[in-house]
Every structure is written in structure tokens, then in C-alpha cells.
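>>> need coordinates for the following:
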Amino acid sequence: MNTDYLLLMKSELSITLIIFILLILKIRGNIDNNSSLFNLINIFLFLNFVLGFFFNKEGVMFDGMMRNTNLLALEKNIINFGVLIISLQAYTWLKNHKHVVEFYLLLLSTLLGMFFMISSMNFLLFYLGLELSTIPLAALSNFDLEKKKSSEAAFKLIISSAFSSAILLFGISMLYGTTGTISFAEMPSHLTGSDLQILSLIIIFSGFAFKLSAVPFHLWTADVYEGSPVAVTAYLSVISKGAIMFIFISALYTVFQSMVHTWYNILFITSVITIIIGNLFALRQNNLKRFLAFSTITQAGYILLGISANSPTGTASAVYFILVYICSNLGAFGVVSVVSAMTGKENIDDYKGFYKTNPLLSLTLTVSLFSLAGIPPTAGFFGKFFLISAGATSGNYIFVGIAALNMVISLYYYLRVVRAIFMDKNEAPIERLTSPLSMKVALLICVSGIILIGIFSNIFAYIYSFSANV
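Predicted coordinates for the structure are as follows:
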């Protein structure tokens, strides 16, 4: 039994072990320099990622409060993959920082909370995991201690998170009042579709929408992304969104399965306005972090389209797209991170003539943007194709048509950045930048993922095999 628990909680225990090791190193003061610390942490994160492929076991724990399945283990390891890339990219920014250990302690604490959320089968554990994953993120957003924008970002994040968490908790309390349980397994049998239960569904959906930056609950996103350090912005846009999306799928497909006709209509409206508003606001941005923030909002709308299928295909398409999105978005953020850390420049206009001085970084950013836009043969094209195909199974072709049309619109603002890089002239372009080895490895992984994930269709089939067995 103890061995079973160790295997079922393998991911959580692995992250907890790394946190304790870092605490011991910090207390004992056995850290000579940041470079050695980075190497040690990245080795731990790599081993944690590799471990995610082995010794996976399905089962429930703590009287049904937690569970683990092959699909959940895969989702956690996708997040581990993204965290490893972000850690490799963070070296340029953190190499001279005084609080590297504190950064990773906060980062891994949020990761641990996300794992508890993903495995939760109980609203109480879900909420505890949500708070554990959210509160340290506010501290991470304020990690550029000398910048006022960073403090502003942290303030906006903690206020909006507190508000959304309160809304979510209120919806959960209403649901508990009408069903008498907070267990995911027991609740579906008590759902009758009463007015109060529909209201609680809407409130819970709103709480999730805040976390996902879905319109109209997105207003905090651009300001927080702009003010936070680039590595934290990347974490917010990819890891945080991916984890919330995983648990959101689980909640809709299990807890609220009997109310599918209600939440489908909510999902339809939210997805459409999220895609449209995200595109329109992205057109107006000049700061690249704000630009990628609205890109993130738009991508969330596409994932909601796939989820609307209410089927294993919908789950598989969403998980697949999040994997693709990690490679695409972190490829773009990696280049932005290098430029921001070494020059302080973050605006699109600053990238005019960027190809002349930094051809490899320019190509990496271009491939990443092409994937975010869904241009073939990048993996982003296949990711959006699977999402739209899944959405089409519901028979709402107006929904699918709006999403496809907005893919065309998004080409304009993604190609605007590419035009600045390759075609616009700049008398004083960004100087030639020398990236550290860890950044080069991270960007190589991202570009390889963008190309190979799309080519090898077996990856989607592999994910679908897990989704179909849930």
C-alpha cells in the first residue's frame, strides 16, 4: 500500500524533494556561484522530467480525494517539460540575481500546487492546490525588485487572483449547498439542473475564466505580463494556463457532464468573444510582452473550442495543443528574454533589422510566431486543426467558421513582427547578442518541438489513447 502511494504521488513527491534540497542548500550556504546552482537545478528538473515517463500507476488516494491516471501523469509531465525549458531560459536574467534559490522555491511551490489541482477529485483539495499555485506567482511577478512595473504587476495579479478565487469559492459553496458533497465522483448524481445549480456553474466558470484570461475576465493579463520578468511571464502564459486548462477539462467532463447543454452555450459565447477580442487587441500592441499576452488570450479561445466537443477527441486535441503551445510560446519568449535581459528593449519597433545582426534568433522567433499563427507545416497548424476538427464534431459550424476566420485575421499581427525583423530598416538595429549555452539548448528544443511534433502524428494518437481510456 505504501509503495502504491509513493508511485501514485510520484510527481508531487519528486517536486517536494527538490524543494527540500534547495532549502537545505540555502540554509547551509553551500552555494558558490549562480552558474553551479543553475546546473544543479536543471539536472534535477531534467531527471524529474525523465522520471515522469516511468513507474506511472493508476489509482485513487486519501479516500478518493486524489487520483492518478496515465493521462494525468502525461499532463503533469508536459508541464514539467515547460518548466525545464523556462529554467534553461532564465539563466540570462537570473545569472547576476541575488535571490536565485528563492526564485526556484517559489516556482516549484506553484508547480506543486498545480499537480495537486490536476490530481484533485475533491473541490477542497482543488482549491488548496489553486491557492498554492497562485500566491507564489504574485511574488514571482515582483521579482524585478528595482522596477515599479514589476511591483504593479504583482499587485494586480494578487488582487485579480483573490477576486477570482473568491468567486470560484462562492460558486463551490453554492454547489455544495445544493448537492451536499464536494467530491467529483459523487456530485454528478446530485446535479438536477436546478436554477441554483446553473447559477453556481456560471460562477465557477467565471472563476476559471479569470485564471484562463478568457474575455471578459482578461483585463489583468496584459499589465501583469508586461510588468513581470520575462521568465515569469512565460510561466504565466504557458504553465499556469496549461494546468488550469487541464483541471477545467476534468471539471466539465466529470462534475458537470450532466449539464453539458448549459455549459456548452457558455463555452460557445466565451470562446467566440475571447478569440475576437484577443485578435483585435493584439493588432494594437507594440510591446512584445503585451502582444504575446493577447496572443495567449486568443489561444485560450481556441482551446475552449476544442473542449466544447465533450469527447475524448476534445481532450486529446486540447492536451496536444498545449504541448505545441509550450514549444511555440516559449520559443518566442526565449528570444524576447535574451533581448530584454541584454538590451532592455521589448518593443516591436526595436526589432527592425533584427535579422541582419541576429539571424538565428530571428529565425527562431519567426518559426515560433508561424506556429502560434497556425501556418503549416509547423506544429501550431496541426494543433489548431485538431481543435477545430474536435469543435466541428458538435455540429456548430458557425462556431468553427468564426474560429477559422480569426486564424486568418491573426496572420496580420504575427506577420507584422516578422516584417519588422526581416524587411523594415533600422539605422541602429539591436547589436549582435551572444546567448548562453542553456538558452541555445532551450531554443533548440522549442524549434525542434515545433517542427517534429507536427510531423509525427503518432504523438496525437498517443495522447488520444490515454484520453479514450479515461
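
>>> drop to CA atoms for contacts and neighbour counts, all remaining ones
OK.

>>> once you drop chain neighbours, what's closest to residue 26?
Nearest non-adjacent residue to residue 26, counting by CA to CA, 6 or more residues apart in numbering: residue 101, 6.9 Å away.

>>> now residue 77
Once flanking residues are discounted, residue 77 sits nearest to residue 52: 5.5 Å by CA to CA, 6+ apart.

>>> distance of that neighbour from residue 13?
Noted for residue 52: a distance of 12 Å to residue 13, by CA to CA, to the nearest Å.

>>> the more surrounded of these two?
Neighbour totals were compared for residue 52 and residue 13, and residue 52 leads with 21 against 14 (other CA atoms under 10 Å).

>>> quick check: the more buried one vs residue 126, distance?
From residue 52 to residue 126 the distance is 22 Å (CA to CA).

>>> any idea how far residue 133 is from residue 239?
Note on residue 239: its distance to residue 133, by CA to CA, is 11 Å.

>>> which helices and strands sit right next to the worst-scoring helix or strand of the chain on mean pLDDT?
Of all helical and strand segments in the chain, the minimum by mean pLDDT, DSSP states H and E falls on helix 2-8, at a mean of 74. Where contact means 3 or more CA pairs under 8 Å, 6 or more residues apart in numbering; DSSP states H and E, helix 2-8 is packed against strand 59-61.

>>> list the buried residues of the strand it packs on.
60-61 (16 or more other CA atoms under 10 Å).

>>> got it, and stretch 250-264?
250-253, 255-259, 263-264.

>>> from the residues you listed, which single one is nearest residue 452?
For the buried residues of stretch 250-264, the closest approach to residue 452 (CA to CA) belongs to residue 250, at 28.1 Å.

>>> would you state the strands of the stretch 1-150 of the chain in chain order?
59-61, 66-68 (DSSP state E, counting those that start in this stretch).

>>> pLDDT on stretch 172-180, on average?
For stretch 172-180, mean pLDDT is 89.

>>> what does stretch 437-447 give?
So the average pLDDT for stretch 437-447 ends up being 90.

>>> can you give the contact residues for it?
Stretch 437-447 has contacts (CA atoms under 8 Å, 6 or more residues apart in numbering) with 85-86, 88-92, 326-328, 330-331, 334, 364, 367-368.

>>> how about stretch 6-25?
Taking contacts as CA under 8 Å, 6+ apart, the residues outside stretch 6-25 that touch it are 31, 44, 48, 52, 55-61, 67-68, 73, 76, 101, 105, 108-109, 111-112, 115-116.

>>> filter the residues you listed down to the buried ones.
Here, 16+ other CA under 10 Å leaves 44, 48, 52, 56-57, 60-61, 67-68, 73, 76, 101, 105, 108-109, 111-112, 115-116 buried among the contacts of stretch 6-25.

>>> could you measure from residue 98 over to residue 26?
12 Å.

>>> what do you get for residue 228?
To residue 26, residue 228 is 25 Å away according to CA to CA.

>>> and for residue 85?
Separation of residue 85 from residue 26 (CA to CA): 23 Å.

>>> more crowded one of these two?
The residue with more neighbours, out of residue 85 and residue 26, is residue 85; 27 against 14, by other CA under 10 Å.
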